[in-house]
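Q: here is a sequence together with a model predicted from it:
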Protein chains: 2
Amino acid sequence: MENQKLIASKARTPIEIVSVATRTPARARGRVPQGCRISDDCRVSVDDPETDVVVELTGNVPVGRELVLRALGNRKHVVTANKALLAHHGEEIMRRADEVKRCVLFEGAVAVSIPIVKTLRESAAANHVTAITGILNGTSNYVLSQMSDHDADFATALAEAQRRGYAEADPALDISGEDAAHKLALLASLAFGVPINLEAIDFEGIQGIDALDIAFAKRLGYRIKLIAQARKESDGLVAGVHPTFVPMTSMLSQVSSSMNGIAVQGDLMGSAFLYGSGAGGRQTASAVLADLIDLSNRYDFDFAGGAHNMGFRHGPRDAKDSRYRRDRFGACYLRLRIEDKAGVLAKVSKALADAGISVDELLQDGGQEGQTNLVVVTHDIGSGQLIEALPGLQAAAGLGHPAVVYPVLGDH
Amino acid sequence: MENQKLIASKARTPIEIVSVATRTPARARGRVPQGCRISDDCRVSVDDPETDVVVELTGNVPVGRELVLRALGNRKHVVTANKALLAHHGEEIMRRADEVKRCVLFEGAVAVSIPIVKTLRESAAANHVTAITGILNGTSNYVLSQMSDHDADFATALAEAQRRGYAEADPALDISGEDAAHKLALLASLAFGVPINLEAIDFEGIQGIDALDIAFAKRLGYRIKLIAQARKESDGLVAGVHPTFVPMTSMLSQVSSSMNGIAVQGDLMGSAFLYGSGAGGRQTASAVLADLIDLSNRYDFDFAGGAHNMGFRHGPRDAKDSRYRRDRFGACYLRLRIEDKAGVLAKVSKALADAGISVDELLQDGGQEGQTNLVVVTHDIGSGQLIEALPGLQAAAGLGHPAVVYPVLGDH
């Protein structure tokens, strides 16, 4: 209603809100256009023969699934911002949409102020995307920024995120990396033309991050960020969400507070980076309206051809293209708590050499009470190599503490 | 030819290169698909009844204009990367395209690896864009980065840019700010829904930048960048290209070497920032192919409705919306060469106070031979206020040197 005149000047077919379903109809009254029906039953909107497009903003997976499939069954286009729904049921939904020749658009589902869905589906269409690397969860990034820039501890930073409305009352989905994994599942599908496959994505959250490692990161020229990355290697895809050492020279390291940032690498376009808000009512409205205007301007309502909802044709494809690998690593950061006495460094160095791990940087901090921290940034290593090396390293360190290990973001 | 299979999987209508026109047909042979005609006369391609789309990559304004208008006259869609052509003749071309109901797409014309045309036209479609701020010329940015990061002088940095192929043999268009003005003219039209109006854009280049000001910028927490900005104020638009003090906290300040970066502000989406290569053959191919795939998928070849080539409808609109103002300023950096003796600072301070200019930061450097530099960063001032104040300030400085003045990038 706010930008009506502007929207009308952009849309070929007029866009009219004819029906709204909400749990709180009283709140909607007076806030919808004249003549718009209000109901507390989604099916009233979804079954309404006057509706061409259903906009799904429930944020709920089972409700969203029922609603979207019912809308498609009624041959309506769908615009949704429900990332969890698409991460879990995207394949079912997209195949159904293709069958009925309708669109499911979802720019609002990932990093709302960043046009990443359109960029991957349309702008990068002629590229073999080689990697997509993002900071996709604003709450986690806010917490990490507070810990890094203001020396806040985890609990204080999280409480502040909740106070500011960035985090949900139950922030588990944000903090655990699962929300970022939902988004990465969608982006990987768009980027690589493979089915949405949430199960293939390992995720790890920011709960256990020690202020000590944040401090070491700074000293070494990195920031710890919750990085969601999917990349193509010669023998398959690698995708995961992990707290990661990001070089301060990288644009991703500059993404602070609750902002999101996404780097895309393609074989023609090279590297691009996009940055913006990851959440917010107005920002989500902007993305949803862009999808609606797109529908009004550019999609044939009858869909002569394939729908290409994910920017590629579904159907049989080379199995290699959609195989996810889990045995990849790159450079990594290792912190060992060691005895502060002569000979320990030599033992650790020998354990590293025995495992064939070559060292890029090494740092030992002051230490107290007979203990100190030995920090190693390695060159590229395999995850098998790392797993094999850890017991020997921990034995050499002599204190029985497990090693702290984080990946270091490379030039993928 | 390289990514044929991929492109075919994205395009609804097969894309086939049927005719190529080049000044060097011999070089094209063996590098085009079988059956593709090669000629040294553009008109052979443009008049070919088999061609649906003409891709114009001449980089020449009069040749490009003739070619594009002729293609539209033949009812062909056009994809072009010719920013100078569109900056000078875009209105004529877009009106012609609307008349014949054909598309003129031009993602490759501005910051090739950044999908800024699509972002403004489609992703931000529901927004009143309030400002667009960019580093749009890679050569200038390379030169400034070399001067700032490696203490190179202007001539050395420019020679290095030429050696690396960033700058043309005659780099005047880059260095003068004119190339950035061409691009800004297109972006302002897309962002604000106004006619392309190159004449409304003031531009100033980087030729005269003194290493001293680059050093002062660093000390004050800024980088000098060639900033192209168009913003909407209550009584009109302001657009210009100027060397500008950019706070190091801004994403734009992180754009180094020959890269491009563009910040977009909209009333719904808030701030977004996009970053990528501004030039390169493969990068341009990526943008041109994205436009071709878009044509194949989404535009009706017969154009039932309006073409919306610039993302808005041409036609009568509120004159206020397209009025450009030139009397705007904001915060600014002022450097005065002053006599290094008691009383001068007081005189300059009085001149500033008399002009109603309030000071944000003030810095005086060591000085030698009885002279020193007085640097002032002001709060927001009007350009009239500044012009009025300069004679008094220069008189107070006492040495007859003109003041060095640069705008400081604000939160527009």
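A: Done, it's in. Residues are numbered from 1 along each chain as shown, chains lettered A, B, ... in the order given.
Q: look at the closest residue to residue A:1 other than its chain neighbours and report its pLDDT.
A: Counting by C-beta to C-beta, 6 or more residues apart in numbering or on different chains, residue A:1 lies nearest to residue A:33, which is 6.5 Å off, once chain neighbours are set aside. Just so you know, the C-beta spots here come from the backbone N, C-alpha and C atoms, and that holds for glycine as well. With respect to pLDDT, residue A:33 has a value of 90.
Q: got it, and residue A:170?
A: pLDDT, residue A:170: 79.
Q: for it, give me phi and psi.
A: Backbone geometry at residue A:170, expressed as degrees, to the nearest 10, gives phi -100, psi 100.
Q: what's the offset of stretch A:45-60 from the middle of its chain?
A: Computed by C-alpha atoms, centre = their mean, to the nearest Å, the chain-centroid distance of stretch A:45-60 equals 26 Å.
Q: just the buried residues of it, please?
A: Residues A:45-48, A:51-58 are the ones in stretch A:45-60 that count as buried (16 or more other C-beta atoms under 10 Å in any protein chain shown).
Q: what's the answer for stretch A:365-383, then?
A: Of the residues in stretch A:365-383, A:372-378, A:381, A:383 count as buried by neighbour count, 16+ other C-beta under 10 Å.
Q: next step: the residues you listed restricted to strands.
A: If you go by DSSP state E, the buried residues of stretch A:365-383 have A:372-378 in strands.
Q: returning to that earlier point: list the contacts for the residue nearest to residue A:1?
A: A:1, A:16-17 (C-beta atoms under 8 Å, 6 or more residues apart in numbering or on different chains).
Q: closest to residue A:195 among the residues you listed?
A: Nearest to residue A:195, judged by C-beta to C-beta, of the contacts of residue A:33 is residue A:17 at 33.4 Å.
Q: residues contacting the closest one?
A: Residues in contact with residue A:17 (C-beta under 8 Å, 6+ apart) are A:32-33, A:36.
Q: how about it, phi and psi?
A: With angles defined as degrees, to the nearest 10, residue A:17 sits at phi -90, psi 110.
Q: can you check residue A:265 too?
A: When read as degrees, to the nearest 10, the backbone of residue A:265 gives phi -120, psi 130.
Q: got the phi/psi numbers for the residue of chain A most remote from its centre?
A: The outermost residue of chain A relative to its centre, with distances by C-alpha atoms, centre = their mean, is residue A:342 at 44.9 Å. Phi and psi for residue A:342, reported as degrees, to the nearest 10, are phi -60, psi 140.
Q: my guess is residue A:182 meets residue A:87, correct?
A: Yes: between residue A:182 and residue A:87 there is a contact under C-beta atoms under 8 Å: 3.7 Å.
Q: shared neighbours of those two, which are they?
A: Common contacts of residue A:182 and residue A:87 (C-beta under 8 Å, 6+ apart): residue A:198.
Q: which one of the two is surrounded by more residues?
A: Using other C-beta atoms under 10 Å in any protein chain shown, the more surrounded residue of residue A:182 and residue A:87 is residue A:182, with 28 against 23.
Q: for that one, give me its contacts.
A: Residue A:182 sits next to A:83-84, A:86-88, A:198 when contact means C-beta under 8 Å, 6+ apart.
Q: again, 7 Å this time
A: A:83-84, A:87, A:198 (C-beta atoms under 7 Å, 6 or more residues apart in numbering or on different chains).
Q: can you redo the residues you listed as JSON lines with secondary structure and distance to residue B:134?
A: Listed next are the contacts of residue A:182 as JSON lines, based on DSSP: H, G, I helix; E, B strand; the rest coil; distance: C-beta to C-beta, whole Å:
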{"residue": "A:83", "secondary structure": "helix", "distance to residue B:134": "30"}
{"residue": "A:84", "secondary structure": "helix", "distance to residue B:134": "35"}
{"residue": "A:87", "secondary structure": "helix", "distance to residue B:134": "34"}
{"residue": "A:198", "secondary structure": "helix", "distance to residue B:134": "37"}
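Q: sorry, back to before: of the contacts of residue A:33, just say which sits nearest to residue B:332.
A: Set against residue B:332, the nearest of the contacts of residue A:33 by C-beta to C-beta is residue A:1 (39.8 Å).
Q: pLDDT score for the closest one?
A: If you check residue A:1, the pLDDT there is 87.
Q: one step back: the residue farthest from the centre of chain A and residue A:376, how far apart?
A: With distances taken as C-beta to C-beta, to the nearest Å, residue A:342 is found 19 Å from residue A:376.
Q: and for residue A:155?
A: Distance, residue A:155 to residue A:376, by C-beta to C-beta: 29 Å.
Q: my guess is residue A:399 meets residue A:337, correct?
A: Yes: counting by C-beta atoms under 7 Å, residue A:337 is a contact partner of residue A:399 at 5.3 Å.
Q: residue contacts, residue A:288?
A: Residue A:288 makes contact with A:55, A:79, A:81, A:108, according to C-beta under 7 Å, 6+ apart.
Q: can you pull out the helices in chain A?
A: Ranges of helices within chain A are A:4-10, A:25-28, A:42-46, A:61-73, A:83-99, A:116-118, A:138-149, A:154-163, A:172-175, A:178-192, A:211-220, A:281-298, A:344-354, A:383-397, based on DSSP state H.
Q: ok, which of those helices comes nearest residue A:241?
A: Among these, helix A:178-192 comes nearest to residue A:241, with 4.5 Å by C-beta to C-beta.
Q: next, the angle helix A:138-149 makes with the closest one.
A: 110 degrees (axes from the mean of the first three to the mean of the last three C-alpha atoms, to 10 degrees).
Q: just the CA trace of helix A:178-192, in CSV.
A: C-alpha atoms of helix A:178-192 as CSV (Å, rounded to 0.1, in the frame of the first residue of the first chain):
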residue,chain,number,x,y,z
GLU,A,178,21.0,-24.9,11.0
ASP,A,179,19.3,-21.8,9.6
ALA,A,180,22.4,-21.0,7.5
ALA,A,181,22.4,-24.6,6.3
HIS,A,182,18.8,-24.2,5.1
LYS,A,183,19.8,-21.2,3.1
LEU,A,184,23.0,-22.8,1.8
ALA,A,185,20.9,-25.8,0.6
LEU,A,186,18.9,-23.4,-1.6
LEU,A,187,21.9,-21.5,-2.9
ALA,A,188,23.8,-24.7,-3.7
SER,A,189,20.9,-26.0,-5.7
LEU,A,190,20.7,-22.7,-7.7
ALA,A,191,24.4,-22.4,-8.1
PHE,A,192,25.2,-25.9,-9.2
